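Model the structure of this input:
(chains A and B)
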Amino acid sequence: MHRTGELSGQFQTLEQQKESATLGMWIFLSTEILFFGGLFLTYTINRHTYTDVFSFSSRTIKLSWGAINTVVLIGSSLTMAMSVWSAQVGRKKLVTFFLVATLVLGTVFLGIKGIEYHDKFVEHHVPGLNFDMYYCTNNPGACNLSPEDLAKEKVELDELTKKMGGENSVNANSQLFFSLYFGMTGLHALHMIIGAALLLWLIKQSMSGRFAAQYNTPVENVGLYWHFVDIVWIYLFPLLYLIDRH
Amino acid sequence: MSEHIVSPKIYILIFAVLMVLTITTVYAATVDLNAYFHSLNVIVALVIATCKAILVILFFMHAYYSSKRTKLIVFAGFFWLAIMLSLTLGDYATRSWDVH
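I've put the predicted structure just below:
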């Protein structure tokens, strides 16, 4: 039994302390599952109700950025897992290295998300007063779209307008899609920012050599949180980017 | 009940499988699977996403190696999510509320 400064008074052993911490983290994560679950449920019901407009709106998001971000985020989960391993085997310098790598990949993810949000601002796809699904086709050259994509979008949009009985209902329903898009990816990004702050906190402690084989619970628990945020994206990616692509 | 250390080999293997599944789901999305079966595109995308999530939970999050008590909490979290999804969607599917 190790009696180090890291053992709190209410625990007998570090193992018991760790088991409690893991259990507590999973209880927190199960509230997070329900938190995001409510949004996924709202999205599912609205997508089912407004299928045509939702699939059109979904196709205006660039698939390539979403796919790259999926790779980046899963990569950051790998480096996070590796930093837990480094701590468990007592390689203190490697812990810091992998934590920094995770932070860098997380920042790349947020940067790419920023590019995507910027595109949506330029295209007038952000819910609010300037929202206009017809902006790009009415102002060729204003959006960053190739002439072929623009022509294809115009054909689809004309067909959709006829089907929905006017531009207003297309705009109303696609605003609903983009509200959910920004709500869900925004909440996910907020979790990433909180995760990045936690990583900075870990890096600071790791550089002073706090985490080793005996004690690495903070690394393990921030890891659990980071992987959870990864799982949310694993579902956001197909639901927002993929299922209406064919 | 000593701590289980997962080797980097397993992490890298899981990462590789996750990458293969990501490529598969992106490719599957470009094919019109709905022609074969109603909503097959959505089903395939969600089945692949669930496989990825299970791999992350079991190995990156160490659920596979954790105590029975922790496993119970992991299961309970997703079980409660399943209750929320199935009962709400069941209502929408069967009560024909006119939400338009």
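
Contacts for the helix or strand hosting B:T22 next, please.
For B:T22, the element it lies in under DSSP states H and E is helix B:8-30. Residues from elsewhere that reach helix B:8-30 (Cβ atoms under 8 Å, 6 or more residues apart in numbering or on different chains): A:63, A:67, A:70-71, A:74-75, A:77-78, A:81-82, A:85, A:237-238, A:241-243, A:245-246, B:41, B:44-45, B:48-49, B:51-52, B:55-56, B:59-60. Where you see a C-beta, it was placed from the backbone N, CA and C, and this is true even at glycine.

7 Å - rerun?
With contact meaning Cβ atoms under 7 Å, 6 or more residues apart in numbering or on different chains, helix B:8-30 is reached by A:67, A:70-71, A:74, A:78, A:81-82, A:85, A:238, A:242-243, A:245-246, B:41, B:44-45, B:48, B:51-52, B:55, B:59-60.

Now which of these would you call buried?
With burial judged by 16 or more other Cβ atoms under 10 Å in any protein chain shown, the buried subset of the contacts of helix B:8-30 is A:67, A:70, A:74, A:78, A:81-82, A:85, A:238, A:242-243, A:245-246, B:41, B:44-45, B:48, B:51-52, B:55, B:59-60.

The residue of chain B found nearest chain A - how many residues pack around it?
Residue of chain B nearest chain A, by Cβ to the nearest Cβ: B:G77 (2.9 Å). By other Cβ atoms under 10 Å in any protein chain shown, 22 other residues sit near B:G77.

Chain neighbours aside, what residue packs nearest to it?
Excluding the flanking residues, the one nearest B:G77 by Cβ to Cβ, 6 or more residues apart in numbering or on different chains is A:S30, at 2.9 Å.

Break down chain A into its helices, ranges please.
A:14-49, A:51-59, A:63-88, A:92-122, A:135-138, A:147-164, A:167-207, A:217-236 (DSSP state H).

circling back to that earlier point, mind checking pLDDT for the residue of chain B closest to chain A?
Predicted confidence (pLDDT) for B:G77: 95.

repeat for B:H100
Note on B:H100: pLDDT of 50.

ditto for B:S39
88.

just A:R245 next, same as before
Note for A:R245: predicted pLDDT of 87.

what about the residue nearest to it when sequence neighbours are not counted, how many neighbours?
Nearest residue to A:R245, sequence neighbours excluded (Cβ to Cβ, 6+ apart): B:A29, at 4.3 Å. B:A29: 24 surrounding residues under other Cβ under 10 Å.

repeat for B:F79
Neighbours of B:F79 (other Cβ under 10 Å): 11.

again, but for B:V42
19.

Who are the contact partners of the closest residue to it other than its chain neighbours?
Distances taken as Cβ to Cβ, 6+ apart put A:I243 closest to B:V42, at 4.9 Å, once the chain neighbours are dropped. Applying Cβ under 7 Å, 6+ apart, we find A:I243 in contact with B:29, B:41-42, B:45.

Adding distance to A:L150 and secondary structure, write those out as a markdown table.
Conversion of the contacts of A:I243 to a markdown table gives the following (distance: Cβ to Cβ, whole Å; DSSP: H, G, I helix; E, B strand; the rest coil):
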| residue | distance to A:L150 | secondary structure |
| --- | --- | --- |
| B:A29 | 22 | helix |
| B:N41 | 25 | helix |
| B:V42 | 28 | helix |
| B:A45 | 27 | helix |
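
Quick check: the two most widely separated of those?
B:A29 and B:V42 (10.0 Å; Cβ to Cβ).

near chain B, which residues of chain A?
With Cβ under 7 Å from any Cβ of the partner chain as the criterion, chain A meets chain B at residues A:15, A:19, A:22-23, A:26-27, A:29-30, A:33-34, A:37, A:41, A:44-45, A:49, A:67, A:70-71, A:74, A:77-78, A:81-82, A:85, A:88-89, A:224, A:227, A:230-231, A:234-235, A:238, A:242-243, A:245-246.

which SSE is B:I5 in?
Counting by DSSP H and E, B:I5 is part of no helix or strand.

which helix in chain B runs the most residues?
Secondary structure of chain B per DSSP H: the longest helix is helix B:68-94.

ok, and the closest non-adjacent residue to residue 76?
Because you didn't say which chain, this covers chain A. In space, A:S76 comes closest to A:L105 once its chain neighbours are excluded; the distance is 3.6 Å by Cβ to Cβ, 6+ apart.

meant chain B actually
Nearest to B:A76 is A:S30, by Cβ to Cβ, 6+ apart, at 6.3 Å.

quick one: contacts for A:T22?
When contacts are counted by Cβ under 7 Å, 6+ apart, A:T22 is found next to B:66, B:70.

ok, now with 10 Å
Residues counted as contacts of A:T22 (Cβ atoms under 10 Å, 6 or more residues apart in numbering or on different chains) are A:217, A:220-221, A:224, B:61-63, B:66-67, B:69-70, B:73.

ok, how many other residues are close to A:S55?
When neighbours are defined as other Cβ under 10 Å, A:S55 has 17 of them.
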